[in-house]
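Enquirer: what's the 3D shape of this:
(chains A and B)
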Amino acid sequence: MALFILLCVIGTALFFDFTNGFHDTGNAVASSIATGALKPKTAVTLAAAMNLVGAFLSVAVALTVTNSVVKIQGDDGAPIPELMADHGHELLVIVLAGLAGAILWNMFTWLLGLPSSSSYALLGGIIGATMAGLGVNGVKWLGDGTKIDGVVGKILIPAVLSPLIAGLIAAIGTWVVIKLGQGRDEARSARGYRWGQISAASLVSLAHGTNDAQKTMGVITLGLIAYGAQTATDSIPFWVKLVCALAIAGGTYLGGWRIIRTLSKGLVEISAPQGMAADGASSAVILAASHLGVPLSTTQVASGSIMGSGVGRPGAHVRWSVAGRMVIAWATTLPAAALLGAILWAIGHGLGPVFGPIVVMGLLIAGALTMFIRSREHVVDHHNVGEIWEGAPSVRKVK
Amino acid sequence: MDTVWLSLEGAWDLLRYGLVVGAGLPILFALGVRFMAGPAVEEGAVAAGPSAGGRALSLIFFALCLLGVIVGIEIIVGAGMGKVVDFFPFPHLVPKP
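Expert: Just a heads-up that it's a prediction; the model follows:
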């Protein structure tokens, strides 16, 4: 039965990777779509290609994905011995429940068209499942203080500060860029901004493929090691790399149109110079953070930049009610995914080694299907993504 | 030094460097666009386009932005390989310290 649960973990990890793709498409392409720099389909195709390339750029092993927030792996990334009994069953149940919780939360926020962080959903799910499985002490809240670590350092503080930082930078950039464009030929200027936007969006997508696909690769490899199918902690099998790259690129290509719509039309109407400044700010903040080793959420940075660009453009009207809904989604992502992870762990653990994982998978599939069916009642796709904003893409029934 | 302090320090660095490149590069790019676009004309009139000097200036600004993109790609490739960019004497990849 351990093989069955390993297969469940691999399947859910790839499913998560796929949701990660479509949930985050908007980060890179929303403003390019809004300004018309790229046609919607062209934008998601470009983003998907960049994610695919980015995923294959992941040469290093990101096996210690969970180490910053929970204590289920040792320093080298191998699972702790206490969880290794019976082909790593305990560890696999924690990871399975965490992934399933993260997927359900990602699907729910996608249904509501809210750009919440996929990475925080993943970590939240794992934190919840670990707390349920190992107790509060299984979670690393603060770290030992020698580096930025723990739930507080890796999630809570960046979640509050990074969108504000990105927003401030984008606001200043937008204000100056618009001043510089005044009195110049508009058509020619727009063509120029277009290339700036496309370059910045491509960088965001490439970085996304490298960072986010790497996390799923790490989770699957962790499962393989726990099960005993692999012993090396310094390499990722090629097939893992391939399927993860395809899953995230496939998700990106599908396009999370509900979220793209919120980011491109819902928060603020985006003009060409403003879109260029917003994308420039997003890409620079994301890459500067990567260089400095400061953790952040790509989604929150991209959303913060777009909002900031609205604040920086004189006369722009930021829809604060939409922004408010988004901030609520940010604040609830970690606890909600954790709660889901904990409940699913209790089910997966409580119903025994055979039925537990089966029921968890059943609940995951049922939940995901339900939300998918609800989404069909009010379809948002590349045809209507740019329509005039008349309220959030809710799940209200179409009259 | 504890985690909270380190995180705030990280955020402060992000704000400083982020401002320089995150607002700076779009502003340089906008300068390039400004000189390339030429002055606005009355509706219906043919756009004058950039002067030779304007074109040259704009190419300089675009080249600076291109350098920014190249360093950005280096950071991404580095992240994939577990390396970091060392800026001196020129941006190149070195193993993570």
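Enquirer: low-confidence stretches in the stretch 251-399 of chain A?
Expert: A:392-399 (pLDDT under 70).
Enquirer: and if we set it to 80?
Expert: A:390-399 (pLDDT under 80).
Enquirer: which parts of it sit against chain B?
Expert: Selection of the stretch 251-399 of chain A residues close to chain B by CB under 8 Å from any CB of the partner chain yields A:273, A:276-277, A:280-285, A:287-296. Placement of C-beta: from N, CA and C, glycine included.
Enquirer: helix or strand for the residue nearest to A:Val311 when sequence neighbours are not counted, which one?
Expert: In this structure, A:Val311 finds its nearest non-sequential neighbour in A:Ala171, 4.6 Å apart by CB to CB, 6 or more residues apart in numbering or on different chains. According to DSSP states H and E, A:Ala171 maps onto helix A:157-181.
Enquirer: list the helices and strands that helix packs on?
Expert: helix A:272-292, helix A:298-312, helix A:320-350, helix B:3-18, helix B:24-37 (3 or more CB pairs under 8 Å, 6 or more residues apart in numbering or on different chains; DSSP states H and E).
Enquirer: what would those look like in CSV with mean neighbour count and distance to A:Lys179?
Expert: Shown next, in CSV, are the helices and strands packed on helix A:157-181 (neighbours: other CB atoms under 10 Å in any protein chain shown; distance: least, CB to CB, whole Å):
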stretch, mean neighbour count, distance to A:Lys179
helix A:272-292, 30, 9
helix A:298-312, 29, 10
helix A:320-350, 21, 25
helix B:3-18, 19, 20
helix B:24-37, 25, 9
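Enquirer: identify whichever of those helices lies nearest to B:Val85.
Expert: helix A:272-292 (6.1 Å; CB to CB).
Enquirer: same for the closest one, what does it pack against?
Expert: helix A:2-35, helix A:157-181, helix A:186-227, helix A:298-312, helix B:3-18, helix B:24-37, helix B:52-81.
Enquirer: what residue is smack in the middle of the chain?
Expert: You didn't pick a chain, so chain A it is. Centroid-nearest residue in chain A, with CA atoms, centre = their mean: A:Ser118, separated by 2.7 Å.
Enquirer: try chain B instead
Expert: B:Leu25 (3.4 Å).
Enquirer: and that residue, how far from A:Val151?
Expert: When distance is defined by CB to CB, to the nearest Å, B:Leu25 is 33 Å away from A:Val151.
Enquirer: next one: A:Leu46
Expert: For A:Leu46, the distance to A:Val151 (CB to CB) stands at 35 Å.
Enquirer: OK, contacts around the residue of chain A positioned farthest from its centre?
Expert: Distance to the chain centre peaks in chain A at A:Gly183, reaching 39.9 Å (criterion: CA atoms, centre = their mean). The neighbours of A:Gly183, taking CB atoms under 8 Å, 6 or more residues apart in numbering or on different chains as the test, are B:39-40.
Enquirer: got it, and the one 4 residues further on?
Expert: When the contact criterion is CB under 8 Å, 6+ apart, the partners of A:Ala187 are B:Ala47.
Enquirer: and it, how far is that from B:Ala48?
Expert: 12 Å.
Enquirer: now do A:Thr332
Expert: Look at A:Thr332 and B:Ala48: by CB to CB, they are 54 Å apart.
Enquirer: excluding chain neighbours, give the residue nearest to A:Phe15 in space.
Expert: Once flanking residues are discounted, A:Phe15 sits nearest to A:Ile103: 5.7 Å by CB to CB, 6+ apart.
Enquirer: check contacts around A:Gly348.
Expert: By CB under 8 Å, 6+ apart, the residues touching A:Gly348 are A:93, A:96-97, A:356-357, A:359-360.
Enquirer: you'd agree the residue nearest to the centre of chain A is up against A:Ile103?
Expert: No: if you go by CB atoms under 8 Å, A:Ser118 and A:Ile103 don't touch, sitting 9.6 Å apart.
Enquirer: what do these two both touch?
Expert: Common neighbours of A:Ser118 and A:Ile103 (CB under 8 Å, 6+ apart) are A:16, A:19.
Enquirer: list the contacts of the closest residue to A:Thr12 other than its chain neighbours.
Expert: Nearest residue to A:Thr12, sequence neighbours excluded (CB to CB, 6+ apart): A:Leu99, at 4.3 Å. If you count contacts by CB under 8 Å, 6+ apart, A:Leu99 has them with A:9, A:12-13, A:15-16, A:122, A:125-126, A:219.
Enquirer: please repeat the previous calculation with a cut-off of 10 Å.
Expert: A:8-17, A:121-122, A:125-126, A:129, A:216, A:219, A:223, A:341, A:344, A:360, A:364 (CB atoms under 10 Å, 6 or more residues apart in numbering or on different chains).
Enquirer: mean confidence (pLDDT) on the helix or strand encompassing it, please.
Expert: In this structure, A:Leu99 sits in helix A:85-111 according to DSSP H and E. On average, the pLDDT along helix A:85-111 is 94.
Enquirer: and the next element down the chain from it?
Expert: helix A:118-134.
Enquirer: packing partners of that next one?
Expert: helix A:2-35, helix A:85-111, helix A:150-151, helix A:186-227, helix A:298-312, helix A:320-350 (3 or more CB pairs under 10 Å, 6 or more residues apart in numbering or on different chains; DSSP states H and E).
Enquirer: again, 7 Å this time
Expert: Helices and strands touching helix A:118-134, by 3 or more CB pairs under 7 Å, 6 or more residues apart in numbering or on different chains; DSSP states H and E, are helix A:2-35, helix A:85-111, helix A:186-227, helix A:320-350.
Enquirer: need those in JSON lines (columns: distance to A:Ser68).
Expert: JSON lines is the format used below for these (distance: least, CB to CB, whole Å):
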{"stretch": "helix A:2-35", "distance to A:Ser68": "18"}
{"stretch": "helix A:85-111", "distance to A:Ser68": "14"}
{"stretch": "helix A:186-227", "distance to A:Ser68": "11"}
{"stretch": "helix A:320-350", "distance to A:Ser68": "13"}
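Enquirer: so what's the nearest residue to A:Leu96 once chain neighbours are set aside up against?
Expert: Using CB to CB, 6+ apart and skipping the chain neighbours, the partner closest in space to A:Leu96 is A:Val9 (5.1 Å). Listed by CB atoms under 7 Å, 6 or more residues apart in numbering or on different chains, the contact partners of A:Val9 are A:92, A:95-96, A:223.
Enquirer: top of these by neighbour count?
Expert: With neighbours defined as other CB atoms under 10 Å in any protein chain shown, the most crowded of these is A:Val95; it has 32 neighbours.
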